[in-house]
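Peer 1: coords below, sequence missing:
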C-alpha cells in the first residue's frame, strides 16, 4: 500500500466520524457483526452516541451488571456521505455536525411513549460488539475510502476490515474521545454495556430509525406468540402505571 493511501485511511480513522451513511441493500442491512443484521433500516445518514445507564434501569434491575453506558445509533437525515471525498471535506463535515448532534435533546427525537421493540441480543466469544453500516464493509467502500482502485493489488482488504471492526475497542482508537466509535458505526467491549447486550429498535413506517444496545437479564429475551419480540416504551411508566423495568428515558453523555 502506498504511503499516501495509508495516510489518507489513517487520517479518516483518526477522525472517526460520528455520522455514517447507509443506503438500501437487498442482502446487506446495517450489520450487527456476528449476526444476520438488523433489517429494514431507513436509508440516509445516521449518527452514533453513548448514553449513561439510566437510574431507573439500575433501580429496577439490581442484579444486572449495568455497565458503563448504553449505545445508540439513529437516523438523522436523508442523503449520503461521500466516501471518496477529500480529507478536507471529511474534516469539514465532521466539524459541522459532531458538536451539533451531541447537544440535540434526545427527548425531541424519542419523546415519552416512543415504542422500543426488542430485537434479540448480541453475543460474541471475543467480547467485541460491532454495529457497522454494511456500506462500509465492501471492497468498493474500501477502495473509495483508501483511494485505491478496486482491482489494484495495493488494496489490502483484510487490513481495511480488521481496522474498521477493531478501531475504538478499548483505547485502540488512540484518542480517548473516539473510544467505542469507528468508521461506519460503533465497536465496544460487551462488558462496557453490562455484558452481552440486549438490542432494541424504533420503527417508523416499517423502517428501523434507531438501534439501542443496553444491559438486560435473561427474562428480556421472550418472544410473543406472533414471532415478534415484545415491545416497551421509553417513558418511565407503562399503561398500567408500572415502571417497565428495562429502558428508561434517554439522556446524553
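Peer 2: Cool, the structure landed. Keep in mind it's a predicted model, so treat the numbers as computed, not measured.

Peer 1: where's residue 195 relative to residue 182, distance?
Peer 2: Using CB to CB, to the nearest Å, residue 195 is found at 21 Å from residue 182. Using the backbone N, CA and C atoms, a C-beta is placed for each residue, glycine as well.

Peer 1: and these two? Which one has more around it.
Peer 2: Per other CB atoms under 10 Å, whichever of residue 195 and residue 182 has more neighbours is residue 182, with 27 against 18.

Peer 1: okay, and the beta partners of the more buried one?
Peer 2: In this structure, residue 182 bridges to residue 185 when assessed by DSSP bridges.

Peer 1: surely it meets residue 167?
Peer 2: Yes - with contact defined as CB atoms under 8 Å, residue 182 reaches residue 167; the gap is 4.3 Å.

Peer 1: so residue 191, which state does it fall into?
Peer 2: Classification of residue 191 using DSSP: H, G, I helix; E, B strand; the rest coil returns helix.

Peer 1: need the pLDDT of it.
Peer 2: We have a pLDDT of 74 for residue 191.

Peer 1: go on, residue 238?
Peer 2: 32.

Peer 1: and residue 227, by the same measure?
Peer 2: 35.

Peer 1: same question for the one 5 residues further on.
Peer 2: The score at residue 232 is 41. That number is its pLDDT.

Peer 1: dump the residue contacts of residue 8.
Peer 2: Going by CB atoms under 8 Å, 6 or more residues apart in numbering, residue 8 touches 87, 145-147.

Peer 1: most neighbours out of those, which is it?
Peer 2: Ranked by neighbour count (other CB under 10 Å), these have residue 146 at the top, with 26 neighbours.

Peer 1: isn't it up against residue 161?
Peer 2: No - contact criterion CB under 8 Å: residue 146 and residue 161 do not qualify, at 11.7 Å.

Peer 1: overlap in contacts, those two.
Peer 2: Jointly contacting residue 146 and residue 161 under the rule CB under 8 Å, 6+ apart is no residue at all.

Peer 1: isn't residue 143 up against residue 149?
Peer 2: Yes - counting by CB under 8 Å, residue 149 is a contact partner of residue 143 at 6.3 Å.

Peer 1: and for those two, which residues touch both?
Peer 2: Joint contacts of residue 143 and residue 149 (CB under 8 Å, 6+ apart) are residue 155.

Peer 1: count of neighbours near residue 102?
Peer 2: Counted with other CB under 10 Å, residue 102 comes out at 12.

Peer 1: just checking, it touches residue 49?
Peer 2: Yes - between residue 102 and residue 49 there is a contact under CB under 8 Å: 7.2 Å.

Peer 1: so where's the stretch 1-150 of the chain shaky on pLDDT?
Peer 2: Where the stretch 1-150 of the chain drops to pLDDT under 70, the residues are 1-6, 24-36, 54-67, 123-126.

Peer 1: which SS class is residue 163?
Peer 2: Note that with three-state DSSP, the state of residue 163 is helix.

Peer 1: repeat for residue 202
Peer 2: strand.

Peer 1: any idea what sits nearest it, other than its immediate chain neighbours?
Peer 2: residue 210 (4.0 Å; CB to CB, 6 or more residues apart in numbering).

Peer 1: quick one: residue 47 from residue 145, how far?
Peer 2: From residue 47 to residue 145 the distance is 18 Å (CB to CB).

Peer 1: how about residue 37?
Peer 2: Distance, residue 37 to residue 145, by CB to CB: 21 Å.
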